[in-house]
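[1] Here is the input, now give the coordinates:
(one chain, ligands or ions: 2)
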Amino acid sequence: MSTSTSSNENAIATPVGITLERYIMRKQSEFPFATGELSQLLRDIALAGKIVNREINRAGLMDIAGSFGSQNIQGEQQQKLDVVANIRFIRALKNGGEACAILSEEDDEIIQTGNDKGRYVVAMDPMDGSSNIDVNVSIGTIFSIYRRVTPVGTPATKEDFLQGGRKQVAAGYILYGSSTMLVYTTGHGVACFTYENSLGEFFLSHSDIKIPQDGTIFSCNEGNWFDYPEWVQGYLTECKRKRFSGRYIGSLVADYHRNLLKGGIYLYPPTAKNTSGKLRLLYEGYPLAFVIEQAGGRAMAGTEAILDIVPIDCHQRTPLYIGSADMVEEMMSHATAAEPVGR
Ligand code: AHM
Ligand code: MG
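    Numbers count the residues shown, from 1 in each chain. Ligands and ions are numbered 1, 2, ... in the order given. A predicted model of the protein is given here:
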């Protein structure tokens with residue numbers, strides 16, 4: 001077939017590209033323990049993401065928007081979709097067989113999957129940005145994967161989850177937005193897949209994503225201004241003097257994803273209500289920090305890199321300053337004292 005014929009063919013039948021499935025298989029050899037288990041785990045997460053995507057798309061038509069009437073371990077109102085997403089991901093990971101335990105934002109205790117022979121544990125926020133569910137604004141799922149350190153064949157323990165951010169073997173998120181996208185890293189760059197609804201597949205849409213070195217977007221809840229440390233106010237004042245854009249959706253995954261592609265900084269400092277920050281280290285801070293570092297950006301908790309924080313509790317919180325390297329660096333130059341990192 002001549003080149004011109006094939007380019008004509010491409011013009012009338014655009015190639016759909018590489019599926020997530022195929023990409024994972026191709027990349028499998030890059031994993032430190034290339035037995036296919038981690039690949040299967042990523043596929044399980046993608047499957048649950050597709051199901052949750054379906055539930056979200058139908059949320060306006062079904063009785064799954066609104067509050068569930070209970071509180072999670074964080075003392076926050078659970079939305080029905082929080083609960084639905086939690087069930088979907090737990091079920092997919094249990095059925096997949098590769099994860100021996102799951103740590104979820106929605107559950108106090110570690111969830112044993114019953115697969116004690118599984119070599120991996122997964123920490124996750126199944127539905128991030130819950131307050132946006134009812135108003136049809138982007139929400140997300142965040143996940144972080146470790147190879148277990150306790151003996152295979154025994155129940156996983158907290159020790160498996162409290163290894164520290166640098167021990168993650170894979171991490172990423174699914175953004176349920178104007179498109180549904182799955183972004184992940186295994187420590188070899190960052191790839192992004194967009195969901196093709198009619199085919200039921202994720203296709204590679206951005207490979208080796210790099211965050212712009214610098215940016216002009218700052219994302220934070222300015223309603224908390226009077227609670228912010230002075231150095232944070234100082235940095236934000238400088239952003240405003242420079243006429244940077246303030247953009248804040250209130251869904252971490254959505255704010256983060258925009259800044260990843262366009263350049264910017266997301267920040268959630270300690271406040272009077274959340275004296276150690278609001279966001280959770282294990283299933284929000286660590287995974288997003290792993291992705292951002294792989295994309296050439298930075299993630300700090302004050303003076304310490306998020307990934308260097310030694311975890312002490314599965315549900316501990318952390319301040320978060322994350323985004324383009326130059327912006328984070330500039331912000332940190334305003335930090336006069338280390339921010340407390342705790343629960
Ligand atoms: P959630 O995991 O309970 O949804 O809370 C995390 C969310 C983030 O998605 C978002 O960036 C932040 O909380 C918004 O908090 P606030 O409403 O205080 O600005
Ligand atoms: Mg969250």
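[2] and stretch 112-127, does that touch ligand 2?
    Yes. Residues of stretch 112-127 are located near ligand 2 by Cβ under 5 Å from the ion, namely residue 125. Any C-beta I mention is one placed from the backbone N, CA and C, and that applies to glycine too.
[3] From ligand 1, how far off is the closest residue to ligand 2 within the stretch 1-150 of the chain?
    Ranking the residues of the stretch 1-150 of the chain by distance to ligand 2 (Cβ to the ion) places residue 128 first, at 3.5 Å. According to Cβ to the nearest ligand atom, to the nearest Å, residue 128 stands 5 Å off from ligand 1.
[4] And for residue 6?
    Counting by Cβ to the nearest ligand atom - residue 6 and ligand 1 are separated by 45 Å.
[5] how about that residue, secondary structure?
    Going by DSSP: H, G, I helix; E, B strand; the rest coil, the secondary structure assigned to residue 6 is helix.
[6] tell me the pLDDT at it?
    The pLDDT attached to residue 6 in the predicted structure is 72.
[7] The residue of the stretch 1-150 of the chain closest to ligand 2 contacts residue 284, doesn't it?
    Yes. The pair residue 128 and residue 284 qualifies as a contact (Cβ atoms under 8 Å) at a distance of 7.0 Å.
[8] Within range of ligand 1, give me the residues from the stretch 51-200 of the chain.
    Taking Cβ under 6 Å from any ligand atom as the contact definition, the stretch 51-200 of the chain meets ligand 1 at 76, 105, 125, 128, 129, 130.
[9] Nearest to residue 317 among the residues you listed?
    Proximity of those to residue 317 (Cβ to Cβ) peaks at residue 105, which lies at 11.2 Å.
[10] Which residue, neighbours along the chain excluded, lies closest to the closest one?
    Once its chain neighbours are removed from consideration, residue 105 has its nearest residue in residue 125; the separation is 4.4 Å (Cβ to Cβ, 6 or more residues apart in numbering).
[11] what sits against that neighbour?
    For residue 125, the contacting residues are 104, 105, 141, 142, 280, 283, 284, by Cβ atoms under 8 Å, 6 or more residues apart in numbering.
[12] in a strand, that's where it is, yeah?
    Yes. Counting by three-state DSSP, residue 125 is found in a strand.
[13] any idea how far residue 210 is from it?
    25 Å (Cβ to Cβ, to the nearest Å).
[14] just residue 288 next, same as before
    Between residue 288 and residue 210 the computed distance is 16 Å (Cβ to Cβ).
[15] Walk me through the domains of this protein.
    With automatic domain parsing as the criterion, the domains of the chain are listed as 20-206, 217-337.
[16] Residue 10 is nearest to which of the ones you listed?
    Closest to residue 10 of the domains of the chain is domain 20-206 (Cβ to Cβ; 15.4 Å).
[17] just to revisit the earlier point, buried subset of the residues of the stretch 51-200 of the chain next to ligand 1 as a PyMOL selection?
    Those of those that count as buried under 16 or more other Cβ atoms under 10 Å are selected in PyMOL with:
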select buried, resi 105+125+128+129+130
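[18] From the residues of the stretch 51-200 of the chain next to ligand 1, pick the one nearest residue 166.
    Distance ranking of those against residue 166, using Cβ to Cβ, places residue 125 first at 19.9 Å.
[19] Look up the residues forming beta bridges with the closest one.
    According to DSSP bridges, the partner residues bridging residue 125 are residue 142.
[20] Starting from residue 252, give me the distance back to it.
    Separation of residue 125 from residue 252 (Cβ to Cβ) stands at 9 Å.
[21] Residue 305 now?
    For residue 305, the distance to residue 252 under the criterion Cβ to Cβ works out to 18 Å.
[22] of the two, who's got more company?
    With neighbours defined as other Cβ atoms under 10 Å, residue 305 and residue 252 compare such that residue 252 has more, 25 against 16.
[23] Which pLDDT value goes with the nearest residue to the more buried one once chain neighbours are set aside?
    Excluding the flanking residues, the one nearest residue 252 by Cβ to Cβ, 6+ apart is residue 128, at 5.5 Å. Looking at residue 128, its pLDDT is 95.
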